[in-house]
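Colleague: How does the following fold in three dimensions:
(4 chains)
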2 protein chains.
Amino acid sequence: MADRRTVILEAAARLIARRGVRGLRVEELAAEAAVSTGLIYYHFKDRSGILRATLEFISDRAGRYTADQVAEAAPAEPRSVLEETLLLEFQETEMVRENSTAWGELRASAMFDDTLRAGLEDATRVWNGEIAELIAAVLPAVPGDPAYASAQRLTALVEGLSGRWLSGGITVEAARDLMLDAVDVELARLAR
Amino acid sequence: MADRRTVILEAAARLIARRGVRGLRVEELAAEAAVSTGLIYYHFKDRSGILRATLEFISDRAGRYTADQVAEAAPAEPRSVLEETLLLEFQETEMVRENSTAWGELRASAMFDDTLRAGLEDATRVWNGEIAELIAAVLPAVPGDPAYASAQRLTALVEGLSGRWLSGGITVEAARDLMLDAVDVELARLAR
DNA sequence: AAAAACAAACTGAAGTTTCAGTCACGTTAG
DNA sequence: CTAACGTGACTGAAACTTCAGTTTGTTTTT
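Modeller: Okay, the predicted model is just below:
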């Protein structure tokens, strides 16, 4: 098993997904990680330190699983790579749900906690960049700027749709359909 | 001045926008509304009752200010009515920022609080319906279903972009530009 | 028209619970 | 040996909720 620090972070991600940042109790985190509260303060300065570290942990993990799954798949046309990558965020698996929920929570928390903003922005920029590159792979003729704008819209839409999915407003399937159409719409526009 | 119950709700919206749902303290709410803590429990059963009532209050108010501002404006082409309506959510005014922030907070909270979901879904459905109608006004030939799907994408995008705006990721101007292009993209697709 | 009864709105301090953070004291690996 | 790792009971402040009682306004009685 991973070292205790990692165990704590995994537990934090799980708990944030289940109860939200607002509902994260240090004592409960200790129980979930099967660890003492003292150890948590040994590894992380304070509650907000836990959150910051968890954000980093989650975005690392998200980056890893998207990269993995895309690499795993048979070499496909650029377009379906783009679609698959965006759709990875809409799956009924524990890890995706966990990551998405926690991500949404941290995004929401960042509105009131400056210390979270920097990390969130970096992660968002990286994500936008990845999507922009995938778009460029589909339409090499398109200059970078419009592609990046499309990427911003698509990733923002992922977040918006995730919010609705996770708060019970729509099903994963509906979210996937809406997302696919959005890709279609954006590419058609860029191709013009 | 409005009755005390309303005063409390206005104060709650202000405070949620300033400190977040998690940061809402009943005592602070009492102070902000210039009211005793007891009165809050007199009008709302408990803390979560405050949140539920505030959600309702906010979505009513949002409905009102969009309707008002659109009605106020000189009769315009349907297309710009649609654009204006969506852009109303991206303004650097106190009330819009307040509504958007509080809305985002409540959406996030709904992921973990079932009692908030119903209200949120209703409000979302109404909003989608309004946008779908505006789309139909621009393109009367388009059947309702695709128009509603476009509306869903556009409102989800509003939420996604709002999240980024309010957590400092992008400026209002950037959000507005991205939004306008999204309208363009969606309409172009529907017109096909 | 004055008094009495009643109800709704409201107060603020006290009771209770919850929770982040600490500390004195083990345990283990190098 | 010792430094890093780890424990869990404890603390104090802060927060939610309750409640006994006051004020204000309305209705009924005499």
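
Colleague: Can you tell me which residue of chain A sits closest to DNA strand D?
Modeller: A:G38 (2.0 Å; Cβ to the nearest atom of the strand). Placement of C-beta: from N, CA and C, glycine included.

Colleague: got the contact list for the helix or strand harbouring A:A30?
Modeller: Per DSSP states H and E, A:A30 falls inside helix A:26-33. Identification of contacts with helix A:26-33 by Cβ atoms under 8 Å, 6 or more residues apart in numbering or on different chains yields A:4, A:7-8, A:10-12, A:14-15, A:19, A:36-37, A:39-40, A:47, A:50.

Colleague: ok, the host helix or strand of the residue of chain A closest to DNA strand D near DNA strand C or not?
Modeller: A:G38 belongs to helix A:37-43 when assigned by DSSP H and E. Yes: counting by Cβ under 7 Å from any atom of the strand, DNA strand C has neighbours in helix A:37-43: A:T37, A:G38, A:Y41.

Colleague: For the helix or strand following that helix, which residues meet the burial criterion?
Modeller: Note on helix A:37-43: by DSSP H and E, the next helix or strand toward the C-terminus is helix A:47-72. Across helix A:47-72, burial judged by 16 or more other Cβ atoms under 10 Å in any protein chain shown covers A:50-55, A:57-59, A:61-62, A:66, A:70.

Colleague: One more: stretch A:25-42?
Modeller: Buried, per 16+ other Cβ under 10 Å, within stretch A:25-42: A:L29, A:A30, A:E32, A:A33, A:V35, A:I40.

Colleague: would you turn the residues you listed into CSV with distance to A:L190 and pLDDT?
Modeller: Below are the buried residues of stretch A:25-42 laid out as CSV (distance: Cβ to Cβ, whole Å; pLDDT from 0 to 100):
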residue, distance to A:L190, pLDDT
A:L29, 45, 97
A:A30, 50, 96
A:E32, 45, 96
A:A33, 46, 95
A:V35, 49, 96
A:I40, 47, 97
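
Colleague: now, the most widely separated pair of these?
Modeller: The span of these, defined through Cβ to Cβ, is set by A:E32 and A:I40 at 10.8 Å.

Colleague: Helix or strand: which one has the closest residue to A:A76 other than its chain neighbours?
Modeller: Spatial nearest neighbour of A:A76, chain neighbours left out: A:E84 (7.5 Å); criterion: Cβ to Cβ, 6 or more residues apart in numbering or on different chains. Remark: A:E84 resides in helix A:78-87, with elements defined by DSSP H and E.

Colleague: and whatever helix or strand comes next after that helix with DNA strand C, contact?
Modeller: Following helix A:78-87 in sequence order, the next helix or strand is helix A:94-110 (DSSP H and E). No: if you take Cβ under 7 Å from any atom of the strand as the test, helix A:94-110 misses DNA strand C, and the best it gets is 13.0 Å.

Colleague: And for helix A:94-110, what's in contact with it?
Modeller: By Cβ under 8 Å, 6+ apart, helix A:94-110 touches A:13-14, A:16-17, A:20-22, A:51, A:54-55, A:58-59, A:61-62, A:65, A:88-91, A:116-117, A:120, A:159, A:162-163, A:165-166, B:20, B:104-105, B:108, B:111, B:163, B:167-168.

Colleague: how about 6 Å then?
Modeller: With Cβ atoms under 6 Å, 6 or more residues apart in numbering or on different chains as the contact definition, helix A:94-110 has outside contacts at A:13, A:16-17, A:20-21, A:55, A:58, A:62, A:89, A:116-117, A:120, A:162-163, A:166, B:108, B:163, B:167.

Colleague: now do stretch A:5-16
Modeller: A:L24, A:L29, A:E32, A:A33, A:H43, A:I50, A:T54, A:F57, A:I58, A:E98, A:A102, A:E105.
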